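Novice: Starting from these lines, generate the structure:
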Amino acid sequence: MNSEDVKRFGIIIFESLPDEDIKTGYELFSSTLTNKTYEEDLLYIEYLDLENKDIFLNELLRIANEAIDNNYFYFLHFEIHGFNGGLILKNGEEIFWHELLPIFQMMNIHYLDTLVIYLAVCEGASLLKEINPIERSPFGSIVASPHKIIEKDLAIGFEKFYEKFFFSFELNASLEEYNTVIKNEKSRLSLITSQYCINTLCNIERETADKERLFKILEDTFNKYDPNFKNLPESEIFEVLKKELYEIFEEFKLNRDFYLMNDLK
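Specialist: Residues are numbered from 1 along each chain as shown. Purely as a prediction, here's the structure:
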């Protein structure tokens, strides 16, 4: 989708917080973002207070289909409790990242790798663990934290963020505005791009690459298809697994343009 094709431009806030929590998403919607619509009447904002998992997934899918069918360009903003596997809704239900990524991916393919997602969610950066480097990227950029975020920081930070972002559209500069007012370092957010993700995922030598786990997965796979594999000398098993692992990561590198959708641009 090219910028000249965009029929609507805006931000969708998805919130599912317990009744006793501060409704940080609604506060942003009813104050800062609503005020921004007075400055630019083409800016569209929508707030969704979601009760349960079925409603959440249906609404997210509705937004994705609406965006694709009508050439609407949306930023997605999530104000929800999180854990290292996904989201926790107000009724206690969990939504796992692998349930969300295909929907994000639909939008990001249509947007040619420019979908931006704001995760005002504890451990939101854990989403990266579910990314498959041989598929299309599920986002162009996300703003997230690997830590638990202090609730009261979000409203203050995102007020500054959106004051800057609309209408400079400078993501890095807007994030700096957010982080400058956040005293607790763990509540600060980082910008993670699809290019950073694929470069990191393709680097087997990175510190965060869990080689031991990857070797174990490969070994289990070899044993499944060749019962005699486990009878090989230990040193030979290691060399076979090492060769296979490095070949897989080389394949990831060859798939980089596909992941980033350079073939579609």
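Novice: rest of the way, CA atoms for contacts and neighbours
Specialist: OK.
Novice: Show me what the residue nearest the centre of the chain is bridged to.
Specialist: The chain has Ile142 as the residue nearest its centroid, 5.0 Å off, counting by Cα atoms, centre = their mean. In this structure, Ile142 bridges to Ile117, Ile192 when assessed by DSSP bridges.
Novice: what is the rounded mean pLDDT of stretch 82-93?
Specialist: Across stretch 82-93, pLDDT averages out at 97.
Novice: Pull the residues that contact it.
Specialist: The contact list for stretch 82-93, computed with Cα atoms under 8 Å, 6 or more residues apart in numbering, reads 16-19, 50-53, 80-81, 94-97, 121-124, 126-127.
Novice: out of those, which are inside strands?
Specialist: Residues of the contacts of stretch 82-93 located in strands (DSSP state E): Ser16, Ile80, His81, Glu94, Ile95, Phe96.
Novice: what about the residue nearest to the fourth one when sequence neighbours are not counted, distance to Glu239?
Specialist: Counting by Cα to Cα, 6 or more residues apart in numbering, the nearest residue to Glu94 once its immediate chain neighbours are dropped is Ile88, at 4.6 Å. Using Cα to Cα, to the nearest Å, we find Ile88 at a distance of 42 Å from Glu239.
Novice: low-confidence ranges in the stretch 101-250 of the chain?
Specialist: 208 (pLDDT under 70).
Novice: Can you show me the strands along the protein?
Specialist: Counting by DSSP E, the strands of the chain are 8-16, 43-49, 72-83, 86-88, 94-96, 116-120, 141-144, 190-193.
Novice: quick revisit: looking at Ile88 and Glu239, which is more packed in?
Specialist: When Ile88 and Glu239 are compared for neighbours, Ile88 comes out ahead with 21 against 11, by other Cα atoms under 10 Å.
Novice: That one pairs with what?
Specialist: Applying DSSP bridges, one finds that Ile88 bridges with His81, Glu94.
Novice: rewinding a little: list only buried entries from the contacts of stretch 82-93.
Specialist: For the contacts of stretch 82-93, a burial check counting by 16 or more other Cα atoms under 10 Å picks out 16-17, 50-53, 80-81, 94-97, 121-124, 126-127.
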